[in-house]
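A.B. asks: Sequence first, then the predicted structure, then my questions.
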Amino acid sequence: MPSFDVVSEADIVALKNAIDVAGRQIGNRYDFKGTSAAVEFNEKDKLITLHGDSDFQLDQIKAILFPEMEKKEKDSTKRLDAKEVQKISGNKVKQVLGLKLGIDQERAKDIVRLIKDSKLKVQATIQGDTVRVTGAKRDILQEVIALLRQKITDFPLQYNNFRD
């Protein structure tokens, strides 16, 4: 029986590339000369840290970083989990952006419920941080993918491991 997996994975290489490009742009901008403006990526913990002299400067860094991320991977900014802006020594600030990878249990249950409510003849099962969808025909699975693309727009999903 044909099946596919619904996953939410980030392209770490593209993300690192976008952060590097944004870092170079920040270093070249005249209004950031002599400031603490910087972008760091902790690959192990999947955290992006923004450093700046003020909240306004953090917003400027985001205005550089987010379009670069969107160029490399569509909807990649939707997977960011922004933490509170922290004051550091003096008037310097930093903000940590966490990466949400995988599909959490609540969102997986919503996906399964959405598929079951559609009355399509498929089975959806939660397997860790993925949702496996199995059906009798390839056409029905493609309808499920179209349904999910239409209904779930607030979180990036990929459809892979398609088996016939």
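C.D. replies: In hand now; what should we look at?
A.B. asks: just the strands in the protein please.
C.D. replies: 3-7, 38-42, 47-52, 80-87, 93-99, 122-127, 130-135, 158-163 (DSSP state E).
A.B. asks: mind checking how far T153 is from G128?
C.D. replies: T153 is 24 Å from G128, where distance means Cβ to Cβ, to the nearest Å. Every residue, glycine included, has its C-beta placed from N, CA and C.
A.B. asks: try I26
C.D. replies: Where G128 is concerned, I26 sits at a distance of 37 Å (Cβ to Cβ).
A.B. asks: So the two - more neighbours on which side?
C.D. replies: I26 (22 against 11; other Cβ atoms under 10 Å).
A.B. asks: Next up, the contacts around the more buried one.
C.D. replies: Counting by Cβ atoms under 8 Å, 6 or more residues apart in numbering, I26 touches 32, 37-39, 61, 64.
A.B. asks: For L15, give its distance to E68.
C.D. replies: Per Cβ to Cβ, L15 is found 10 Å from E68.
A.B. asks: Mind listing the shared neighbours of these two?
C.D. replies: Residues touching both L15 and E68 (Cβ under 8 Å, 6+ apart): none.
A.B. asks: Please name every helix or strand in contact with the lowest-mean-pLDDT helix or strand in the chain.
C.D. replies: Within the chain, confidence by mean pLDDT, DSSP states H and E is lowest for strand 158-163 among all helices and strands, at a mean of 84. Helices and strands touching strand 158-163, by 3 or more Cβ pairs under 8 Å, 6 or more residues apart in numbering; DSSP states H and E, are strand 3-7, helix 138-151.
A.B. asks: can you list the domains in this protein?
C.D. replies: 3-8+102-163, 12-99 (automatic domain parsing).
A.B. asks: how far out from the middle of the chain is the longest one?
C.D. replies: Spelled out, that is domain 12-99. Domain 12-99 sits 15 Å away from the centroid of its parent chain (Cα atoms, centre = their mean, to the nearest Å).
A.B. asks: Figure out the length between the terminal residues of that domain.
C.D. replies: Start-to-end span of domain 12-99 (Cα to Cα, to the nearest Å) is 10 Å.
A.B. asks: for that domain, what is the average pLDDT?
C.D. replies: When pLDDT is averaged along domain 12-99, the result is 89.
A.B. asks: ok, L99 to V6 distance?
C.D. replies: With Cβ to Cβ as the criterion, L99 and V6 are 18 Å apart.
A.B. asks: what's the answer for A22, then?
C.D. replies: 30 Å.
A.B. asks: isn't L47 right up against V96?
C.D. replies: Yes - when contacts are counted by Cβ atoms under 8 Å, L47 is listed as touching V96 (5.6 Å).
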